[in-house]
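S.K.: Next comes the sequence, and after it the predicted model I'd like to discuss.
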Amino acid sequence: MIPPIELSSTNMDQSRIRNFCIIAPIDHGKSTLADRLLEVTGTIDKRKMQAQMLDTMDLERERGITIKLQPARMKYMAKDGQEYELNLIDTPGHVDFTYEVSRSLASVEGALLLVDSTQGVQAQTIANLYLALDQDLVLIPVLNKIDLPNSEVERRAEELIRLIGCKREEIILASGKTGAGVPEILERIVHEVPSPRGEREKPFRAVIFDSKYDEYKGVVAYVRVMDGKLKKNEKIHFLATKFDGDALEVGYLKPLSVSTEFIEAGEIGYVVTGLKDISAVRVGDTIARFETKDETQPLPGYKEVRPMVYAGIFPREGNEYVRLRDAIMKLKLSDAALAFEPEHSIALGFGFRCGLLGMLHLEIVQERLQREHNMDIVVTTPSVMYEVTKTNGEELSITSPQAFPDPSLIRETREPWVTVDIVCPKEYIGNVMALVQDRRGQYKTTEYFDLSRAVLHYDMPLSSVIVDFHDRLKSASAGYASLNYEFIGFRPAPIVLLDILIAEKPVAAFATLIHSEEAYRRGKEIVEVLKESLPRQQFVVKIQASIGAKVIASEKISGYRKDVLAKMSGGDYTRKSKLLKKQKAGKERMMEMGVGRVEIPNDVFIKVLKRGDA
């Protein structure tokens, strides 16, 4: 059922519009603070308030994290007697959703830099700060969760002062839970964040920063209007995709849809296009009015996101391919960081090779396909992109184990490397350094925030960071360390293809490309996870990890054995022996007829993706 749409008209002077977002690492209280802002400004009735108001997906509420950016408009009566229009964008905090943060920052003029007063500055705080500085945004520093008994206000304030060079009195002390400091935040937004600089007399131009698919309305584009005005039912044109459409409905989010007669320069709102062709609307594209499309210059858009990890997604049933394609295309509308292209596997049939920003991103995509689109899917072992130079000089970019050439045709293989920043307490530096060294990390420098916390700078192979490094880092530092990484380039490395055989048949979903030094450890790890996870069969199941023809790790799952002596109540042993020999001959005959097929349950794929307990 579609929620009722409130009708409204906007005519706010641009000098009284403020666009801002909240940036902070995961679990620093962004969504809770956003709830208080909505409550204090009277945007949402107290009786309708609930925790994580802007987290609209079930997944976000279950996990307690923000996955999608979410806009909301508030009206605020300031102390100067003027009413202001505040457009807030709530952003995710996890490193896998940085692209959502960067697009939000490009749509606003100011940002609340939120730091948890119990945890202090994290690696992601520094990364978000640089993103905001690149956009030349006005920053308002806020220390959150000051109501907690373990809050260290003065110590965390010193960290913020060192980080951004602000004065102590500029830092707002707040609590998203109790609402302390929220009125001061609103006043600072009004007086410090600059108003938008769009020209309302110019032809209409708006940049798409997000979108979604609605079964009834078609594609809905979330936009930041840069210039001009767009009225309801006017014809529109998408400059990059060259598609035409109609603005069937325009308005803003509060956070539910509020329909208006028009949207104009400086505002953040939405446009219902009615288009059923998903490829027509692309994040970063410019919308113009059809009448003025030739004289409208496209806006810069957003930097193309680079996938960090690749995985194959296949339908469990071959005839579901078209449904999977439609589901992924609809998902792409609301997840701009998802890249995909068709892929064919001899074992798994037709599916898609998906590029993602990390393992959490992959997990979320997998969950959303299963929940929102009711898809039963198989996800192959994730891999990073490798570069291969063949003996004939041909250069290849490999994202799938199936595309890896024969070793005799390879001259050189190269793997991606990232620069890693790890913030951790000094007492855990030894543990963290040992972990990074174990993952082939190359030490660069150490910086100290204060007497108790340091930032370690390393270069590491992306494949060592992407899968389970974050979990291991948390274990090594009792949960205190935080991580941020950025791609720097490719370096030569001996990469091999690791195959997993179950019942002597290779399973394409488990094949992976890996550094030769890590192949034995990883192969042993996978076969042990499979031995624990696969159901027993009527026959003995061999599980093997191999590189080419060489088996490097092996396990067996014993078959079920029927108790053929149960029906005997006594008698000579020769009678029992006869029955046992007959059973043995039957088992041998079954093996001669061929090895049975092993059905692999969905949860086994997930256990292997998570590397068991490693």
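M.R.: Happy to help now that I have it. Numbers count the residues shown, from 1 in each chain.
S.K.: low-scoring stretches of the stretch 151-300 of the chain, by residue?
M.R.: Within the stretch 151-300 of the chain, the set of residues satisfying pLDDT under 70 is empty.
S.K.: what ranges do the strands span in it?
M.R.: 172-173, 205-214, 218-227, 229-231, 235-238, 244-246, 249-253, 257-260, 262-264, 268-272, 286-289 (DSSP state E, counting those that start in this stretch).
S.K.: The first one pairs with which strands, and in what direction?
M.R.: When pairing is defined by DSSP bridges, strand 172-173 lines up against strand 138-144 (parallel).
S.K.: List the buried residues for stretch 523-531?
M.R.: The neighbour-count check on stretch 523-531 (16 or more other C-beta atoms under 10 Å) flags 523-530 as buried. For the C-beta atoms, the positions are set from N, CA and C on the backbone; glycine is no exception.
S.K.: Ok, which of the strands of the stretch 151-300 of the chain comes nearest Val608?
M.R.: strand 205-214 (31.6 Å; C-beta to C-beta).
S.K.: Just the CA trace of the longest strand anywhere in the chain, in PDB.
M.R.: In the chain, ranked by residue count with DSSP state E as the criterion, the top strand is strand 410-425. What follows is strand 410-425, C-alpha atoms only, in PDB (Å, rounded to 0.1, in the frame of the first residue of the first chain):
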ATOM      1  CA  ILE A 410      51.100 -16.500 -18.500                       C
ATOM      2  CA  ARG A 411      54.200 -14.300 -18.500                       C
ATOM      3  CA  GLU A 412      53.300 -12.200 -15.400                       C
ATOM      4  CA  THR A 413      50.400 -11.700 -13.000                       C
ATOM      5  CA  ARG A 414      49.700  -8.600 -11.000                       C
ATOM      6  CA  GLU A 415      47.500  -8.000  -7.900                       C
ATOM      7  CA  PRO A 416      45.800  -4.700  -6.600                       C
ATOM      8  CA  TRP A 417      47.300  -3.000  -3.600                       C
ATOM      9  CA  VAL A 418      45.800  -0.400  -1.200                       C
ATOM     10  CA  THR A 419      47.100   2.100   1.300                       C
ATOM     11  CA  VAL A 420      45.700   1.300   4.700                       C
ATOM     12  CA  ASP A 421      45.200   3.600   7.700                       C
ATOM     13  CA  ILE A 422      44.600   1.800  11.000                       C
ATOM     14  CA  VAL A 423      43.700   3.800  14.200                       C
ATOM     15  CA  CYS A 424      44.200   1.800  17.400                       C
ATOM     16  CA  PRO A 425      45.200   2.200  21.100                       C
END
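S.K.: buried set for that strand?
M.R.: Residues of strand 410-425 classed as buried: 410, 413-424 (neighbour count, 16+ other C-beta under 10 Å).
S.K.: How about Asp376, nearest residue that isn't a chain neighbour?
M.R.: Once flanking residues are discounted, Asp376 sits nearest to Arg316: 4.4 Å by C-beta to C-beta, 6 or more residues apart in numbering.
S.K.: next one: Val455
M.R.: Counting by C-beta to C-beta, 6+ apart, the residue nearest Val455 is Glu447, at 4.6 Å.
S.K.: Assumed the one you found was part of a helix.
M.R.: No: counting by DSSP: H, G, I helix; E, B strand; the rest coil, one finds Glu447 to be strand, located in no helix.
S.K.: Can you give me every residue that contacts it?
M.R.: 454-455, 457 (C-beta atoms under 8 Å, 6 or more residues apart in numbering).
S.K.: Would you mind giving me the PyMOL syntax to select the buried ones in these?
M.R.: This is the PyMOL syntax for the buried subset of the contacts of Glu447, where burial follows 16+ other C-beta under 10 Å:
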select buried, resi 454+455
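S.K.: Which one of the contacts of Glu447 is nearest to Glu264?
M.R.: Among the contacts of Glu447, Val455 lies closest to Glu264 (C-beta to C-beta), at 44.3 Å.
S.K.: quick one: strands adjacent to the helix or strand hosting that closest one?
M.R.: Assigned by DSSP states H and E, Val455 belongs to strand 453-461. Looking at strand 453-461 with DSSP bridges, its partner strands are strand 410-425 (antiparallel), strand 442-448 (antiparallel).
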